[in-house]
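Here's a sequence, model it:
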Amino acid sequence: MAFIDAIRYRIRSAFRRKEFDRDIDEELAFHVELDAAEQRRRGLAEHAAYQAAHRAAGNLSSLKEELRSMSILRIVDIARQDTRYAIRALSRSPIFTLVTILTLALGIGATTAIFSLLYSVLFAELPVRHAGDLVQVQLAGQRTVDQFRLADFRQLQRGGPVPGVADIAAFTQTVSHVQAAQLDDYVGVDLVSENYFTTLGMPPERGQTTDNGEASRTMTAVISDEFWRRFFGRNPGAIGQTISVETSLFTIVGVAPPGFNGLGFPGRFELAIPLEAAALVASNRSGEDDRMVTIVARIQSGEPLDRAGQALDRLFRACCAGSGLTGPMAAAGSGAHVRVRSIAQGIPSAKEDIRQEYRRILILIMCGAASLLIIMCVNVANLLLSRAVMRRREFGVRLALGASRWRLVRQFLVESGLLMGSGGLLGLAVAAVALRSLSAQLSSETAVPLGPLVALNTSAPVLFFAAAASLLTGLLFGVAPALRGTAIDPSRSLRDANRSHGRGPDRAVRKGFVTIQFVLSLVLLILAGQFARSLHNLRGDDVGFDASHVLAVQVDARGTRYQDQRLDNLYDLIVRVHARCPG
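You can find the predicted model right below:
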């Protein structure tokens, strides 16, 4: 406890300087008073006793400064002095400072933007509690079946607790006509079981979820944060309002947390209503028991996936396989058994695996962005080296006055850190603008799967990457100019202050920086050329017909009243009307 109290006192002293100084004064005065009392006990007069005590204590100002240097306050003082001097030094060269910060902002911003997109697509987990414990239940045999009948799910729920499985839930998706405050359109609707949000471990941002009490049995809805923003302007009064889904009214009881886009990847979660209301918004011709749903579960932390799958397989065979509900098992083929797979990063689409499709291109673009950052940082290092050479007279004077070389190197690194930190902060703004611009340029087909992902991800890994990029570039590309610029002889630097600085080792270092820039630029140019050539080849592929002036049109009738024969009649009508139109 004494050690912890000492550490706590040192940290507190760094932020309460006056209190720390007062404590030192009181401590020194206390010791002087004790010594004076001892001198009086020995027979000295009061004035003589105080003089003797002060002589014994020595120079109190020096002692006080020594105590200050032993505390963390000294480190704070040094950091504050270095920062002030660095700001003054940079302010004397505004053009250099501005160009350096803008150069770094472009490099760090571009790299952060690509890393944000790369992380969102390849590595980001679902924004729920312990996403690694979420699994999807599947039937694996000759084929893999991802969905079960709703009756199977109910049987599994009633089958009792499953060893290693904390909870089990189900959901399915549909498209329904929704009318709300400023909305009259078709919207993706998630039909969820009563324990869906509890299984996910996801408390609402506002209100409650359909898991709470009798809310799951009533006509209730949970909306996404984006839905709340677009159609209700984040008005807290949205809780309690009613919306129309098809012809049924639902009461909004809660808002999902920001960033939750559903369990699918890429997800487009907008609205969730209880599975009990499924027949009201999307009727199933073969009955509600045969409605196909996706089953998800939360396994207990540390439980192996294969063991949880075996436990669910035993339960499924006991309560479902023998009751005639064998549709999914028959579809899976011979050897069908229940297994689970982790969905910490969401459930990939069965039609298109975005991660696999964009993995290679994103990694290549990230390598290109990293090369661009290195090129810009080498350019900044060259500028810093040139500036250090021009400041050799200043360094020579400071060395002659007693400053150590380490002191000058430290000062130079503080200046580099300020430049890199400012460039990193501005780079985040550049990344946000770049991704917003990229999102606006996406094609309609690409915008559907990638739209929500093309935005600056402010999660901890992305912010850590931006901070690390700023810090590492500051250290790696600031050390060489700092060491080279301070490697001088004071007397010679003062004598040769007006001579040319473009010769010798400094020139060799700058040539090295230029060579690195040239090589990396050449590599980046070759990568860009290959990328452009690939795009040109894709555009020039022979598709077997004249594709000029040809458009592909899709009609999505999900959630409408056009089904089966009526949908076929609608397609025939569209073709006939188009055939009659001139041109």
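
In this protein, where's the longest strand?
As assigned by DSSP state E, the longest strand anywhere in the chain is strand 165-180.

What's the mean pLDDT across that one?
For strand 165-180, the mean per-residue pLDDT is 89.

Which SSE is immediately downstream of that strand?
Next in sequence after strand 165-180, counting helices and strands by DSSP states H and E, comes strand 183-192.

Quick check: which helices or strands does the following helix or strand past that next one pack against?
Using DSSP H and E, the next helix or strand after strand 183-192 towards the C-terminus is helix 196-200. Counting contacts by 3 or more Cβ pairs under 8 Å, 6 or more residues apart in numbering; DSSP states H and E, helix 196-200 is packed against strand 165-180, strand 292-299. Heads up, the C-betas are built off the backbone N, CA and C, glycines and all.

swap the cut-off to 7 Å and go again
strand 165-180 (3 or more Cβ pairs under 7 Å, 6 or more residues apart in numbering; DSSP states H and E).

elements contacting the strand it packs on?
On a contact count with 3+ Cβ pairs under 7 Å, 6+ apart, strand 165-180 meets helix 150-158, strand 183-192, helix 196-200, strand 242-245, strand 292-299, helix 305-316.

got the ones you listed as a markdown table, with mean neighbour count, mean pLDDT and distance to Ser439 columns?
Conversion of those to a markdown table gives the following (neighbours: other Cβ atoms under 10 Å; pLDDT from 0 to 100; distance: least, Cβ to Cβ, whole Å):
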| stretch | mean neighbour count | mean pLDDT | distance to Ser439 |
| --- | --- | --- | --- |
| helix 150-158 | 20 | 87 | 37 |
| strand 183-192 | 19 | 87 | 19 |
| helix 196-200 | 23 | 91 | 27 |
| strand 242-245 | 19 | 90 | 27 |
| strand 292-299 | 23 | 92 | 29 |
| helix 305-316 | 19 | 88 | 36 |
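
With distance to Gly164 as added columns, please give the ones you listed in a markdown table.
Formatted as a markdown table, those follow (distance: least, Cβ to Cβ, whole Å):
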| stretch | distance to Gly164 |
| --- | --- |
| helix 150-158 | 14 |
| strand 183-192 | 23 |
| helix 196-200 | 15 |
| strand 242-245 | 37 |
| strand 292-299 | 6 |
| helix 305-316 | 5 |
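
Out of the ones you listed, which gets nearest to Arg407?
helix 196-200 (55.6 Å; Cβ to Cβ).

which residues make contact with the longest strand of the chain from outside it?
If you take Cβ atoms under 7 Å, 6 or more residues apart in numbering as the criterion, strand 165-180 is touched by 153, 156-157, 185-193, 195-196, 198-199, 231, 243-246, 271, 275, 281-282, 291-300, 308, 311-312, 558-559.

That one vs strand 292-299, what angle?
130 degrees (axes from the mean of the first three to the mean of the last three Cα atoms, to 10 degrees).

tell me the angle of strand 165-180 relative to helix 150-158?
140 degrees.

Please compute how far strand 165-180 lies from its chain's middle.
27 Å (Cα atoms, centre = their mean, to the nearest Å).

could you give the angle of it to strand 183-192?
160 degrees.

is it true that Arg359 touches Leu122?
Yes - between Arg359 and Leu122 a contact is recorded at 6.2 Å, counting by Cβ atoms under 7 Å.

wait, doesn't His54 sit right on Val32?
Yes - shown here, His54 and Val32 form a contact pair, counting by Cβ under 7 Å, at 6.4 Å.

quick one: the strands in the stretch 201-350 of the chain?
Assigned by DSSP state E, counting those that start in this stretch, the stretch 201-350 of the chain shows strands spanning 206-207, 220-223, 242-245, 248-255, 264-265, 271-274, 292-299, 337-342, 347-348.

which of those strands is buried the deepest?
Across these, averaging neighbours per residue (mean count of other Cβ atoms under 10 Å) puts strand 220-223 on top, at a mean of 26.

other SSEs contacting that strand?
Partner elements for strand 220-223 (3+ Cβ pairs under 7 Å, 6+ apart): strand 248-255, strand 271-274.

Contacts made by it with the rest, please.
Applying Cβ under 7 Å, 6+ apart, the set of residues contacting strand 220-223 is 204, 209-210, 243, 250-256, 270-274.

ok, so of those residues, who is nearest Leu399?
Using Cβ to Cβ, the contacts of strand 220-223 come closest to Leu399 at Ala256, 62.3 Å.

Contact partners for the closest one?
Residues in contact with Ala256, defined by Cβ under 7 Å, 6+ apart, are Pro204, Glu205, Val222, Ser224, Asp225, Phe269.

Make TSV out of the residues you listed and add distance to Tyr571 and pLDDT.
Below are the contacts of Ala256 laid out as TSV (distance: Cβ to Cβ, whole Å; pLDDT from 0 to 100):
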residue	distance to Tyr571	pLDDT
Pro204	41	87
Glu205	42	87
Val222	35	93
Ser224	32	91
Asp225	37	90
Phe269	30	87
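
Spit out the contact partners of the most centrally placed residue in the chain.
For the chain, the residue nearest the mean C-alpha position is Ser459 (2.7 Å; Cα atoms, centre = their mean). By Cβ under 7 Å, 6+ apart, the contact set of Ser459 is Ala124.
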